[in-house]
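Novice: Model the following, please.
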Amino acid sequence: MSCRISELVLNCADPELLAAFWSDVLGYVELDREDGAIEIGPPEGFGGLQPTLILSPSTDPRTGRLPLHIDVNPVDRDQDAELERLLALGARPADVGQTGSESWHVLADPEGNEFCLLRRRLDAS
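Specialist: As a prediction, the model looks like this:
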């Protein structure tokens with residue numbers, strides 16, 4: 001027997017803002033709301049191959065370099081075009097000591113949570 005990641009929880013100051021941002025980034029939809037938290041996930045819902053993301057309200061969310069961060073890959077465009085799209089959605093470049101020769105971009109979401117845009121394009125399905 002083994003486990004599979006089904007949900008990721010991100011404590012945040014503004015669940016509405018981050019739910020909208022991450023839904024746009026990942027092509028997710030709102031699945032549920034409970035006690036101020038918003039769960040977003042793939043249109044087919046909970047339990048598929050992709051984990052859902054729960055944006056949980058917190059009065060003291062950690063931001064910046066978290067012990068665990070999200071990596072994303074483009075699915076329908078190259079890395080440069082996806083970088084432009086993410087920046088237009090509200091992501092911003094983050095400096096974590098990169099050398100400039102990396103094949104990925106380090107970004108921050110609207111609350112400052114760092115994530116990486118990787119180069120390899122993945123199949124959307």
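
Novice: what ranges of this protein fall below the confidence cut-off?
Specialist: Within the chain, the stretches with pLDDT under 70 are 1, 63-64, 122-125.

Novice: try 80
Specialist: Within the chain, the ranges that satisfy pLDDT under 80 run 1, 61-68, 120-125.

Novice: got the residue ranges for the helices in it?
Specialist: Under the criterion DSSP state H, the chain contains helices at 15-26, 79-89.

Novice: tell me the contacts of the residue nearest the centre of the chain?
Specialist: The centre of the chain sits closest to W22, judged by CA atoms, centre = their mean, with a distance of 5.1 Å. By CB atoms under 8 Å, 6 or more residues apart in numbering, the contact list for W22 reads 28, 40, 53, 55, 109. Every C-beta, even on glycine, is put in place using the N, C-alpha and C of the backbone.

Novice: quick one, phi/psi of the closest residue to G90 other than its chain neighbours?
Specialist: Nearest non-adjacent residue to G90, counting by CB to CB, 6 or more residues apart in numbering: P110, 4.7 Å away. Phi and psi for P110, reported as degrees, to the nearest 10, are phi -60, psi -20.

Novice: neighbours of P110, just the number please.
Specialist: Using other CB atoms under 10 Å, P110 has 17 other residues around it.

Novice: Pull the contacting residues for S23.
Specialist: Counted by CB under 8 Å, 6+ apart, S23 has contacts 29-30, 40.
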